[in-house]
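A.B. asks: need coordinates for the following:
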Amino acid sequence: MPLAAAAACPSPIVLTRPRVDAHPRRRRRFRLLASSSASAPAPAPAAADEGAGAGPCPVVRFDMADFAVADRVSVGLHGRSDETIFEATVRDPSSHLYGSTVVLRQLKSSQAKRRGRRALEVLKKLARRQMMYHSYALQVHGYIAPGNASEKGDVPFVLVHGYHGSYSLRHWLQLSDWLPTLEATLALDEEQARRVGDDSVGGPAVTRQLRLIRILMRDLLIGVNYLHSHGLAHTELRLENVHVSPIDKHVKVGILGNAADFHDDDSSSSTVASNNERRKMMIAFDMRCVGFIMAKMVLRELMDSSTFFKFKSFLTKGNDPSCLREFLLPTLSQNSPSGNIGLQANRQWGAGWNLLALLLATKPEKRISCVDALRHPFLCGPKWRINPSVNIIRWGLGSTAVRMAEDYIYGHHQRRRLAYFVELMEVLNPNLRTENWLHFLPGRWRLLYCTGRHIGLTLRQPSPRILISDVVLTVSLESGDPVFSLTSDIGFRIMPESNWPHNKSGNEGVVSVTTSARIASGRIYINEQDGKDSIVTSPRSSRRNLHGKWRKVSKMKELPASLPTVSVAMDDVNISMNCNSALNVNSAQKVLQEIRTQTPPEMFDLSKIVCGTYIDARLMIFRGVNGSALLFIRSNSTTDS
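C.D. replies: Have a look, this model is predicted:
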């Protein structure tokens, strides 16, 4: 090994050791010397930086003879072919690091050496508040550089930085017992659990994992925010560059070899404007990387390279990150080693998925900042009183309605609560204009819940036995006038009648209902007394009062008498059915009748859909002629593939 061999022979690098003060309690001061000559003058204390917590630059030039290099390569700190990582012990008795373990990062190529010198420059800039920097970033103690100009092209440049264990966060997450091991490393106790909050829903393992993710994310965001507040962007945030220190129980951001400055030296007005744009783009890039780290911690299935490639492809195609849960649902529903933690992250009003969507927003200007992320309800426990915004409340309503519908427990109180949530979502509709519907409506929408009818099998025992799979509404915008083409696809399976409770296999088929429609602005009257031409009459709904947090959010004491909607005008409806097995006319009629019984009439006859009352990037609510509400969730086309 080149570095180990260098430790055995005299090195051309001359070490200028730090001067030790006579008083043992005084802080030792170092200075980074540019000269490599042995006759260089003794170092003088560096001038202190301005500002609170100022101190000298802690970078010092070492010699290879000061270290006892271990005969092994560190397994968790690598990641580049032009870098080699060694563990070493400081054996210089006059050094304040005597006896401590450090990491020697051997940088071979010219690009790697540039990253190393850049890391030293960044450290000088961040030395104003050393305690904050050392708490949330890997500390760089010094460097080993070639002594002669002729050797600079051949001899590697070596960084000497702190040792926080040989595992990066990626290696922690790849351990089979990573959860109890990390908990023991961070020494989590009841006080730590109380600070970050503790969700008792979802099981002990889910509770512990979400709590640990909150702790790691808070530390990571604090470290990244420290860089952003000093005009720097990390640009290389990934699991391999994040470490957990067992000494001070903090997450450490890796070496800042590719850190970029927000500002240039030129202060002209045009440059200031461009610097602001550059700053926003760099911060947005870092936040996207933080989002990827959070996604891999919550969804350990993304540690697989093929799954992560599909995940990134979903985002690069311009899909809204708020639909990530629906996109990953087939993967999360499988027997995964994470115990379906991704599904459990939808608890607590879906705050975890909301933060992930904000971190991975498609447009950089829409991504959340570090400060706002630290104030997000997902990362704040009961100790912090965070007043959620209307967007968070709206997201929570939709996430809770989705979770309750997926549980498929349709008791009377669940149905009543779901209907109440649907009414609240309609009141808080963020897209009231028809132009917004023109933007959001095209796409695939999966029917999740209907307030007027159970979807699927009931206690009846019909013949034949039909199992309804996905009911999907596909909306496409035709060229020319704003005319939409609506296609309702009802998937079904004809199960064997003898053993259907245990054998769900059978012949599959699809019923397709196609029509075209136009939309226009309209209004729906909830109380029949408010409009003689009321579409939906539900006097009980208008008398229901808002209570609790919903009254504070909507600023209303009760639901309004009418809501702005978009009216839907349908044309002729065409119905077709395809099945894998050959059916005679009588059997096909029975199958069709059973499908109509198990599905809402609005999906079988699209002309019964009269208006839309809510839409955003992931959810949509239609109302039928009988007043029932159909809740749809956006489904990406690659979900079913």
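
A.B. asks: model confidence for the nearest residue to Thr181 once chain neighbours are set aside, exactly?
C.D. replies: Nearest non-adjacent residue to Thr181, counting by Cβ to Cβ, 6 or more residues apart in numbering: Leu175, 6.1 Å away. Just so you know, the C-beta spots here come from the backbone N, C-alpha and C atoms, and that holds for glycine as well. As predicted, Leu175 sits at a pLDDT of 84.

A.B. asks: got it, and Glu301?
C.D. replies: For Glu301, the pLDDT comes out at 81.

A.B. asks: in a helix, it, correct?
C.D. replies: Yes. With DSSP: H, G, I helix; E, B strand; the rest coil as the criterion, Glu301 is part of a helix.

A.B. asks: test my guess that it contacts Ala295.
C.D. replies: No. Applying Cβ atoms under 8 Å as the test, Glu301 and Ala295 come out as separate, 9.9 Å apart.

A.B. asks: where are the low-confidence patches of the stretch 101-250 of the chain?
C.D. replies: Low-confidence segments of the stretch 101-250 of the chain (pLDDT under 70): 127-134, 146-154, 188-205.

A.B. asks: can you show me the strands along it?
C.D. replies: 101-107, 140-144, 157-162, 232-233, 242-244 (DSSP state E, counting those that start in this stretch).

A.B. asks: can you add mean neighbour count and distance to Gly291 and give these back as CSV?
C.D. replies: What follows is those, written out as CSV (neighbours: other Cβ atoms under 10 Å; distance: least, Cβ to Cβ, whole Å):
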stretch, mean neighbour count, distance to Gly291
strand 101-107, 23, 27
strand 140-144, 23, 27
strand 157-162, 24, 27
strand 232-233, 22, 15
strand 242-244, 22, 14
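
A.B. asks: quick check: the gap between Leu477 and Ala582.
C.D. replies: 37 Å (Cβ to Cβ, to the nearest Å).

A.B. asks: give me the distance between the two termini of stretch 595-604.
C.D. replies: The separation between the terminal residues of stretch 595-604, taken as Cα to Cα, to the nearest Å, is 9 Å.

A.B. asks: and stretch 303-314, which residues are buried?
C.D. replies: By neighbour count on 16 or more other Cβ atoms under 10 Å, the buried set for stretch 303-314 is Met303, Phe308, Phe311, Phe314.

A.B. asks: my guess is the second one contacts Ile293. True?
C.D. replies: To tie it back to what came earlier, the one meant is Phe308. No. The pair Phe308 / Ile293 is not scored as a contact, 11.8 Å apart, by Cβ under 8 Å.

A.B. asks: where does pLDDT dip in the stretch 501-641 of the chain?
C.D. replies: If you take pLDDT under 70 as the line, the stretch 501-641 of the chain has these spans: 526-559, 637-641.

A.B. asks: same thing but 90
C.D. replies: 501-509, 517-565, 569-573, 575, 577-599, 604-605, 607, 625-627, 635-641 (pLDDT under 90).

A.B. asks: residue ranges of the helices in it, please?
C.D. replies: Assigned by DSSP state H, counting those that start in this stretch, the stretch 501-641 of the chain shows helices spanning 539-542, 549-554, 585-598, 601-604.

A.B. asks: swap in the stretch 251-400 of the chain?
C.D. replies: Under DSSP H, counting those that start in this stretch, the stretch 251-400 of the chain gives helices at 269-298, 305-316, 324-332, 341-344, 347-359, 370-374, 390-407.

A.B. asks: confidence-wise, which of those helices is weakest overall?
C.D. replies: helix 341-344 (a mean of 58).

A.B. asks: quick one on the thing from earlier: who has more neighbours out of Leu477 and Ala582?
C.D. replies: Shown here are Leu477 and Ala582; by other Cβ atoms under 10 Å, Leu477 has more neighbours (15 against 8).

A.B. asks: which residues sit in contact with the more buried one?
C.D. replies: Contacts for Leu477 (Cβ atoms under 8 Å, 6 or more residues apart in numbering) come out as Leu438, Leu441, Pro442, Val483, Phe484, Ser485.

A.B. asks: wait, Leu173 sits on Leu239?
C.D. replies: Yes. Using Cβ under 8 Å, Leu173 is in contact with Leu239, at 7.0 Å.

A.B. asks: neighbour count for those two, which is higher?
C.D. replies: Counted by other Cβ under 10 Å, Leu173 and Leu239 do not tie: Leu239 has more neighbours, with 20 against 17.

A.B. asks: leaving out chain neighbours, which residue sits closest to that one?
C.D. replies: In space, and not counting its chain neighbours, Leu239 is closest to Arg170: 3.6 Å by Cβ to Cβ, 6+ apart.

A.B. asks: repeat that for Gln139.
C.D. replies: Nearest to Gln139 is Gly162, by Cβ to Cβ, 6+ apart, at 4.0 Å.

A.B. asks: how about Met281?
C.D. replies: Met281 sits nearest to Pro364 (Cβ to Cβ, 6+ apart), 5.8 Å away.

A.B. asks: burial count for the closest residue to Lys249 other than its chain neighbours?
C.D. replies: If the residues on either side of it in the chain are set aside, Lys249 comes closest to Leu186, at 5.1 Å by Cβ to Cβ, 6+ apart. Using other Cβ under 10 Å, Leu186 has 19 other residues around it.

A.B. asks: please consider this matter closed, and thank you.
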